[in-house]
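Enquirer: coordinates only, sequence not included:
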């Protein structure tokens, strides 16, 4: 367990990020943007000092604000709720600095499109098929090792294509055969299966919706050990409502994970927009968990 976990299985998330890691495919772009942001901030500070020396305090403030806003924006996780407001603020600073209505209108159009597109369903995974049993995605090795240290054993893997990105999902079975972990370079999930085609998932991100037969217990930004603790608490909550997970068979688990992926893809295929998540906390922390569990039970198939 990390320092965030405590003896009784409870933990505090105050000292860790609330966002999953950046996917490997976008990390080079973010490195370039962040380096450019730092250079822009340094240039902004120098220019602001020169402007202030010449008593141009207002322009100096705008220049410094532009640099600070841009560098903060590039260091924010893409899933942060501050991304869009800060982007709009950056555009306002640029438009006012240039004193151009044309620039302001153009930036407004870009921001409106960005806000609209954030809720649209992106490319869905395709070509979902088994991979080598020990396959691990680049930059996911540490996560796999962390799960193994918690008693999980890798029993398979599958691959999928999302847009131009090739994803490998490592599948690991828990020591008690009641849950399995799905591991990529950014998204981590722990899943347990129940009768009537239902399942419960604890994951480090809740950006994508799940079918009604899947009970979501998101723990955003959680590390593997934190996910396992949170998942166990969610299982205990379900047990209090009379629901027990079924035992998993190692030889069948990879295909089970693939079937679950394909079920979610089929469910999302007819969606034009991503519904906002109903909740962002683990199941066991929710005051209305009884109602959610009842709706989930009705959503089995």
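Expert: Cool, got the structure. Because the structure is a prediction, the values reported are computed rather than measured. Numbers count the residues shown, from 1 in each chain.
Enquirer: Would you mark the buried spots in the helix ranked longest in the chain?
Expert: Ranked by number of residues, the top helix in the chain under DSSP state H is helix 27-53. For helix 27-53, burial by neighbour count (16 or more other Cβ atoms under 10 Å) applies to 30, 33, 37, 40, 41, 44, 47, 48, 51. Using the backbone N, CA and C atoms, a C-beta is placed for each residue, glycine as well.
Enquirer: wait, isn't the first one in contact with residue 21?
Expert: If I follow you right, that is residue 30. No. If you go by Cβ atoms under 8 Å, residue 30 and residue 21 don't touch, sitting 11.2 Å apart.
Enquirer: Pop the domain breakdown of the protein in here.
Expert: Here the chain is described, according to automatic domain parsing, as comprising the domains 24-117, 126-298.
Enquirer: quick one: low-confidence parts of the stretch 51-200 of the chain?
Expert: Where the stretch 51-200 of the chain drops to pLDDT under 70, the residues are 78-81, 83-84, 86, 88-91, 93-121.
Enquirer: show me where it has helices.
Expert: Using DSSP state H, counting those that start in this stretch, the helices of the stretch 51-200 of the chain run over 57-75, 83-98, 101-117, 141-149.
Enquirer: tell me what the longest one is packed against?
Expert: Which is helix 57-75. Here helix 57-75 touches helix 27-53, helix 83-98, going by 3 or more Cβ pairs under 8 Å, 6 or more residues apart in numbering; DSSP states H and E.
Enquirer: Please state the offset of the longest one from the chain centre?
Expert: Distance of helix 27-53 from its chain centroid, counting by Cα atoms, centre = their mean, to the nearest Å, is 28 Å.
Enquirer: by contact count, what packs against it?
Expert: With contacts defined as 3+ Cβ pairs under 8 Å, 6+ apart, helix 27-53 has these neighbours: helix 57-75.
Enquirer: tilt between the helix it packs on and helix 27-53?
Expert: 170 degrees (axes from the mean of the first three to the mean of the last three Cα atoms, to 10 degrees).
Enquirer: Next, the buried residues of helix 57-75.
Expert: Judged by neighbour count (16+ other Cβ under 10 Å), helix 57-75 contains these buried residues: 60, 62-71, 73-74.
Enquirer: what's the closest non-adjacent residue to the residue nearest the centre of the chain?
Expert: Residue closest to the average C-alpha location in the chain (Cα atoms, centre = their mean): residue 205, at 3.3 Å. Computed as Cβ to Cβ, 6 or more residues apart in numbering, the closest residue to residue 205 that is not its neighbour in sequence is residue 20, at 4.4 Å.
Enquirer: Make sure I have this right: the one you found is in a strand.
Expert: No. Read with DSSP: H, G, I helix; E, B strand; the rest coil, residue 20 is coil and lies in no strand.
Enquirer: Could you pull up the residues touching it?
Expert: 79, 186, 187, 188, 204, 205, 220, 221 (Cβ atoms under 8 Å, 6 or more residues apart in numbering).
Enquirer: again, 10 Å this time
Expert: By Cβ atoms under 10 Å, 6 or more residues apart in numbering, the residues touching residue 20 are 77-79, 184-188, 203-207, 220-222.
Enquirer: winner for burial among the domains of the chain?
Expert: domain 126-298 (a mean of 18; mean count of other Cβ atoms under 10 Å).
Enquirer: follow-up on the earlier one: just the buried residues of helix 27-53 now: which is nearest residue 147?
Expert: Proximity of those to residue 147 (Cβ to Cβ) peaks at residue 30, which lies at 25.9 Å.
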